[in-house]
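Q: Only the shape, not the letters, is given here:
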């Protein structure tokens, strides 16, 4: 199956990978963002989904067969996260309703479905790992649930199928994203090499010693396309991870080696990147000017708050993929190679030296 696709959040880590996957399969692609990137063979749609009228106007002539929602806006509280992000999904689907063309809508959320929102992240009564899709919702307000509810209501009303995709931390290529561990660690390693600062794991002993997994954006994009074109995957929620598991006590050394660094022994204490990188803006600007890098603004490259949240969790996090495997999605991506591929692309794109 091919057709016309609308990728919402096309400039982000997941959105840009989804555009690539769709183009590779011959889809006609519209890429929606507040400031969409200019890409060959992708038609940009510039609109702020918070503006209901503007969204309706921007999408009035579009007739997508499939819609991929890969974006969200971070707010100061979970109540605001719910209000804003639910409204964005609602405004989008309301704007597409008159065209009556949409056959499938995919929504990307994540493991906060099981771990709770940032205000209660990894706290309270949590389901056992490995996380499985049938474990249901926590007894706490969560903007992922609000987004799902908007999707389910619109699907019931308008007759399209849906899929929900729950990746773990996503590794992928984009600039200016709120959640970007791969680029954040690349920038941190570069700063350590420049200043002689120890390349120290910033997180918790639970993460250092425990098992975990991650999600390559390219694998997630293939999973989105698979669910949109596989009848047995319709109206289902799926976990999406690379397929391997690792301990940060192993991965940290692998990342250090790629950058030519010696990792510092982990002493068990948490030393967040947000504090470690708080004064690094001028240093990065100096590196960027000297090396001819394309982005001298450190805040547009790194998201230490998000990396701290993941690496500081007090619990082991492992995700079950059996549901997708049973239905035929068997893609696999070694996570260390996902990091190395990203670092290579960052270097080729003059984002890191």
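A: That came through fine. Since the structure is predicted, the reported quantities are computational estimates derived from the model, not experimental observations.

Q: When you work out contacts or count neighbours from here on, use the C-alpha atoms and nothing else.
A: Fine.

Q: correct me, but residue 73 touches residue 84?
A: Yes. Here residue 73 reaches residue 84: they are 7.4 Å apart, a contact under C-alpha atoms under 8 Å.

Q: Of the two, which one has the most company?
A: Each of residue 73 and residue 84 has its neighbours counted (other C-alpha atoms under 10 Å); residue 84 has more, 21 against 12.

Q: Now do that one against residue 44, distance only.
A: Between residue 84 and residue 44 the distance is 23 Å, computed by C-alpha to C-alpha, to the nearest Å.

Q: Do a quick rundown of the strands in this protein.
A: 4-8, 28-33, 42-46, 66-69, 104-108, 161-167, 170-171, 211-212, 215-216, 236-240, 246-247 (DSSP state E).

Q: Next, the buried residues of stretch 81-88.
A: Residues 81, 82, 84, 85, 86, 87, 88 are the ones in stretch 81-88 that count as buried (16 or more other C-alpha atoms under 10 Å).

Q: Outside of the lengthiest helix in the chain itself, list whatever touches it.
A: Longest helix in the chain, counting residues (DSSP state H): helix 78-96. Defining contact as C-alpha atoms under 8 Å, 6 or more residues apart in numbering, one finds that helix 78-96 is touched by 49-52, 55-57, 59-60, 62-63, 72-75, 102, 117-119, 141-144, 146-147, 150-151, 154.

Q: do the same with stretch 144-163
A: 82, 85-86, 89-90, 93, 97, 100, 102-107, 109-110, 112-113, 137, 164, 227-228, 233-238.

Q: Test my guess that residue 265 contacts residue 199.
A: No. The pair residue 265 and residue 199 fails to qualify as a contact (C-alpha under 8 Å) at a distance of 9.2 Å.

Q: Please say which of those two ends up with more neighbours.
A: Taking neighbours as other C-alpha under 10 Å, residue 265 and residue 199 compare with residue 199 leading, 22 against 11.

Q: On the strand side of things, show who that one bridges to.
A: residue 263 (DSSP bridges).

Q: hang on, the earlier thing: can you put the strands of the chain in JSON lines and add mean pLDDT?
A: JSON lines is the format used below for those (pLDDT from 0 to 100):
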{"stretch": "strand 4-8", "mean pLDDT": "98"}
{"stretch": "strand 28-33", "mean pLDDT": "96"}
{"stretch": "strand 42-46", "mean pLDDT": "95"}
{"stretch": "strand 66-69", "mean pLDDT": "98"}
{"stretch": "strand 104-108", "mean pLDDT": "98"}
{"stretch": "strand 161-167", "mean pLDDT": "98"}
{"stretch": "strand 170-171", "mean pLDDT": "96"}
{"stretch": "strand 211-212", "mean pLDDT": "96"}
{"stretch": "strand 215-216", "mean pLDDT": "98"}
{"stretch": "strand 236-240", "mean pLDDT": "98"}
{"stretch": "strand 246-247", "mean pLDDT": "98"}
